[in-house]
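Student: Below are the sequence and a predicted model for it; my questions follow.
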Amino acid sequence: MNHSKRKSFGMSLFILFILIPIYWLLNMSFKHNEEILGGLSLWPQDFTFDNYITIFTDPSWYMGYVNSMTYVAMNMVITLLVALPAAYAFSRYKFVGDKHLFFWLLSNRMAPPAVFLLPFFQLYSSVGLFDTHIAVALAHCLFSVPLAVWILEGFMSGVPREIDETAYIDGYSFPRFFIRIFIPMISSGIGVTAFFSFMFSWVELLLARTLTSVEAKPIAAIMTRTVTASGIDWGVLAAAGVLTIIPGVLVVYFVRNHVAKGFALGRV
Amino acid sequence: MNKVENNKAWWLVLPVFLLVAFSAVVPLMTVVNYSVQDIFDANTAVFVGVEWYREVLQDSRLQDSLVRQFIYSFAVLLIEVPLGIAVALMMPTKGRMASLCLILLAIPLLIPLNVVGTIWQIFGRADIGLFGWALNSIGIDYNYASNTADAWVTVVLMDVWHWTSLVALLCYSGLRAIPDAFYQAAHIDRASNWAIFRYIQLPRLKSVLVIGILLRFMDSFMIYTEPFVLTGGGPGNSTTFLSQTLTKMAIGQFDLGPAAAFSLIYFLIVLLVSWLFFTTITHMDKDK
Amino acid sequence: MSEIHLKALAHSYSKTPTGPEDYAIREMDHVWEQGGAYALLGPSGCGKSTLLNIISGLLTPSDGDVLFDGKDVKHLPPQDRNIAQVFQFPVIYDSMTVFENLAFPLRNMNVAEAKVQTKVHEIAEILELHPVLNKKAKNLTADEKQKVSMGRGLVRDDVSAILFDEPLTVIDPQLKWKLRRKLKQIHEQFNITMVYVTHDQLEASTFADKIAVMYGGQIVQFGTPRDLFENPNHTFVGYFIGSPGMNLIDVKPVAGGVAFDGIQVPLSDELNKILSEVPYNSIKIGIRPEFVHVWDKATEDAYECDVLHMEDLGTYKILTLKLGGQDIKVRLGEDHDVPVNKAYVSFPEQWLKLYVDDYLVEEPSVEDQVVEEAHA
């Protein structure tokens, strides 16, 4: 079975390519700055948690994580709450302007965030939402909602109409049918939608940084302060970076069983 | 599926409509407004028509970064799509190894963009980074901060590292949707591995690939944070892409009019290319 | 050409099977003769698809051998076995035309293009695919697709057996019989062994000369449709074939016969003798609803039953009777009088079957006795 050996060899190479840069960051996060700058070592010679302790004992550091997670969670909840009914409407009904609305929604996903920087800043300042979590969550919704509607619509179209009708005949009310029967049937779609919402909101920095200053400042923006006049605090920077990877790993772990089905986005 | 005509469905889409309208329409109007006026202060603005558009279209900085942007997007697509398909084909199909591979593959997708930049900023440095150090120690004079070619290689490599997984996961999912019978029939028909790929796997990957290519095109075309952290757009302007040029113009120099005009042109280019790509693909489908 | 011999074959999906329940295929010996039209009939999960995949080479059996014309092909992959397979869901190459689909196996074997042309046209003619030959295969109807997948087997000169895995599942009912006739016609035209897996007894009996009934990983009976109907040698065959299936009643041996719920059923001396000699876990008698005799009035041999239920199915009627504690189904011709409240039935000896541990026990026939005596 030469063929399958070649396959696993290729796969291992690619996984290594993915992991080595991450390992390097992890490696660095357990070193003192003297060791980092003193020369290359493949693993920490003088293992230390100091960099992590710095982060976990300083509220101005760890609140960054809390802020990021708060607006990411808000974004995911809002996205799913509004996208589910909309996707259901698009998959089941014809209505005035449905096609135009759908394409208009999708076109928003194609807008470069940089385009909206200034207008967003002015908009949210004028309604008094500047530097709040909800401002960032709403801004991110502009990009996560269109994709969510589109993904969910694909999954919902794959569920036969008869299911809806049978449920009505069995005496289910619409909300009960939707929550008890319909949602479980598209769980892979919801998993992957949550994944994409998380992906956009957690990794985005440009908008999140522009719309916040102190109260809701995301961790990614706080990281820039490791750069000081006396140089870069590499150890703390690496530790902060490692900590931003962990939530992502948890999210993938939870949706891993939906990936095979979910990433086809209901369109295979 | 036959859809039922029902305008009450508008109630279901209303929340999305309001939310997106609030976040999109008002800002977009602001941008349009800026793009046709010259603003001196809060109370003084003069209508200038298409003046800013003319200025922006003639601006060589913009033209250069547009060219760089296209080269960059095509370079990453050209690498990530074939590589992503290859990775998907190499993935184990079931069991713990499959789950593990999925999780590992997805990790880069969920790392904040500036951390991605930071990872490669460190990784590529000759003094503290494994990659830079390794290249230099085998005699390659590599320095992404001072050499344009090195900077490009690093920026593209970073994108490949960051995003190939997305294409791979989409394709993996597409491959899993192919029933075993297709492979069995192909074996009985004595198809070679290449023929299996060409006539069974590739045709069935088409829909996920269209999605993957569109997403990758859009996102690579809007890229900002990663190269900004890694190279700061340098050396010189050699890795300054459109978003960075735009933010520099809008926030750095506060040239609101030209920045707004530029924004709209930028948006239109993404829309146009996506639309062209999408219609070509769907058209090809119908002809056959 | 190909005779398929399954020799001491068994298969388990588990690597360390501990008992017979771990086997999807229990040890069997079986021969499919060259050129026959066979059906492999059984309920889902009985192992029929597993068996088919073992024959085609998609699965390697854990025990025993697969011989094609005496040659062991157990470890050969499907492409080296001179077989073709038609799957439950039509497998076609979407991006190709019908012509390219049919030419695909030949081109993979580097057959000269001129030969490819003649061969494909010839097969397309037979399968009536000519009108759609240049259409994209993905735009075909399900039955056309199924014909294309069969055609890919027929174009190859080296194919000596075609295996069908429930090929009519996705075909519209009114087209099913057409396609089945086409299969039959092709079988007559080509000297090809065909094995047809199905769970539908009607499909099996219209297609096949001989049917192998599978149950619990074993072939419990192999015979003509008529054999299976008249002489089921396992209770499962009795139950599975026929509509409704055979009446099967648990009984206990008594002097001169067997009995249930206080009702005596006499048996021949021969059978009584066998019954007294063999060890058993269960004894059942079986009689097909078609063969239960319904009398107009009480007679000496007849049992009195309550009429529970009558179903009129147009050309015949199904009567459900209560005899002792047992429900008995009876199939009556449409012109037969339907008894009300009470019915009187008898079980003609010729059609009354006796099963010990679910296997048929028969009086040794005259020829058998002659043979036995000769051996003695």
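Tutor: Okay, I see it.

Student: Shouldn't residue A:242 be within a helix?
Tutor: Yes: under DSSP: H, G, I helix; E, B strand; the rest coil, residue A:242 sits within a helix.

Student: That one and chain B, how far apart?
Tutor: Separation of residue A:242 from chain B (C-beta to the nearest C-beta, to the nearest Å): 9 Å. (Each C-beta comes from the backbone N, C-alpha and C, glycine too.)

Student: how far away is that residue from residue B:129?
Tutor: Residue A:242 sits 16 Å away from residue B:129 when distances are taken as C-beta to C-beta, to the nearest Å.

Student: can you count the residues close to residue 12?
Tutor: If you meant another chain, say so; for now it's chain A. With neighbours defined by other C-beta atoms under 10 Å in any protein chain shown, the count for residue A:12 comes to 12.

Student: To clarify, I was referring to chain C.
Tutor: By other C-beta under 10 Å, 21 other residues sit near residue C:12.

Student: who are the neighbours in contact with it?
Tutor: With contact taken as C-beta atoms under 8 Å, 6 or more residues apart in numbering or on different chains, residue C:12 is in contact with C:22, C:23, C:24, C:25, C:62.

Student: try 10 Å
Tutor: Taking C-beta atoms under 10 Å, 6 or more residues apart in numbering or on different chains, we find residue C:12 in contact with C:18-26, C:50, C:61-63, C:217.

Student: Show the buried residues in those.
Tutor: C:23, C:24, C:25, C:26, C:50, C:61, C:62, C:217 (16 or more other C-beta atoms under 10 Å in any protein chain shown).

Student: circling back to that earlier point, which one of the contacts of residue C:12 sits closest to residue A:98?
Tutor: residue C:50 (48.4 Å; C-beta to C-beta).

Student: Make sure that closest one is actually in contact with residue C:26.
Tutor: No: shown here, residue C:50 and residue C:26 do not form a contact pair, counting by C-beta atoms under 10 Å, at 11.1 Å.

Student: which residues do these two both contact?
Tutor: Taking C-beta under 10 Å, 6+ apart as the criterion, residue C:50 and residue C:26 both touch C:11, C:12, C:217.

Student: Closest one of those residues to chain B?
Tutor: residue C:11 (16.6 Å; C-beta to the nearest C-beta).

Student: all helices of chain C, in order?
Tutor: Taking DSSP state H to define them, one finds helices in chain C at C:48-56, C:98-108, C:113-127, C:142-154, C:173-189, C:201-207, C:225-230, C:235-240, C:269-277, C:366-375.

Student: need the strands for the stretch 51-200 of chain A, in chain order.
Tutor: For the stretch 51-200 of chain A, applying DSSP state E, counting those that start in this stretch gives strands covering A:93-94.

Student: residue ranges for the helices of it, please.
Tutor: A:59-92, A:98-109, A:113-126, A:133-157, A:161-169, A:174-177, A:183-185, A:187-203 (DSSP state H, counting those that start in this stretch).

Student: Show me which residues of the third one are buried.
Tutor: If you call a residue buried by 16+ other C-beta under 10 Å, then helix A:113-126 has these buried ones: A:113, A:114, A:115, A:116, A:117, A:118, A:119, A:120, A:121, A:123, A:124.

Student: Excluding chain neighbours, what is closest to the fourth one?
Tutor: Distances taken as C-beta to C-beta, 6 or more residues apart in numbering or on different chains place residue B:27 nearest to residue A:116, at 5.1 Å, with adjacent residues excluded.

Student: tell me the contacts of the one you found?
Tutor: A:111, A:115-124, A:139, A:142, B:263.

Student: ok, 7 Å please
Tutor: Residue B:27 makes contacts with A:116, A:119, A:120, A:123, as judged by C-beta atoms under 7 Å, 6 or more residues apart in numbering or on different chains.

Student: Lowest-confidence member of these, which is it?
Tutor: pLDDT across the contacts of residue B:27 is lowest for residue A:116, at 81.

Student: could you point out which element follows the host helix or strand of residue B:77?
Tutor: Using DSSP states H and E, residue B:77 sits within helix B:60-90. Note on helix B:60-90: by DSSP H and E, the next helix or strand toward the C-terminus is helix B:96-106.

Student: could you dump that next one to PDB, C-alpha only?
Tutor: Provided in PDB are the C-alpha atoms of helix B:96-106 (Å, rounded to 0.1, in the frame of the first residue of the first chain):
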ATOM      1  CA  ARG B  96      -9.500   9.500  15.600                       C
ATOM      2  CA  MET B  97      -6.800  10.400  13.100                       C
ATOM      3  CA  ALA B  98      -9.400  12.200  11.000                       C
ATOM      4  CA  SER B  99     -10.700  14.200  14.000                       C
ATOM      5  CA  LEU B 100      -7.200  15.100  15.000                       C
ATOM      6  CA  CYS B 101      -6.200  16.200  11.500                       C
ATOM      7  CA  LEU B 102      -9.400  18.300  11.300                       C
ATOM      8  CA  ILE B 103      -8.700  20.100  14.600                       C
ATOM      9  CA  LEU B 104      -5.000  20.700  13.700                       C
ATOM     10  CA  LEU B 105      -5.900  22.000  10.300                       C
ATOM     11  CA  ALA B 106      -8.500  24.400  11.600                       C
END
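
Student: chain center to the helix or strand following that helix, what's the gap?
Tutor: On the C-terminal side of helix B:96-106, the nearest following helix or strand under DSSP H and E is helix B:113-123. The chain centroid and the centroid of helix B:113-123 are separated by 17 Å under C-alpha atoms, centre = their mean, to the nearest Å.

Student: Can you mark which positions in the following helix or strand past helix B:113-123 are buried?
Tutor: The helix or strand immediately downstream of helix B:113-123 is helix B:130-137, counting by DSSP H and E. For helix B:130-137, a neighbour-count test (16+ other C-beta under 10 Å) marks B:130, B:131, B:132, B:133, B:135, B:136 as buried.

Student: In a markdown table: the buried ones among the contacts of residue C:12, plus pLDDT and distance to residue B:242.
Tutor: Output for these, formatted as a markdown table (pLDDT from 0 to 100; distance: C-beta to C-beta, whole Å):
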| residue | pLDDT | distance to residue B:242 |
| --- | --- | --- |
| C:23 | 83 | 65 |
| C:24 | 83 | 60 |
| C:25 | 83 | 64 |
| C:26 | 85 | 69 |
| C:50 | 87 | 59 |
| C:61 | 88 | 62 |
| C:62 | 87 | 62 |
| C:217 | 84 | 66 |
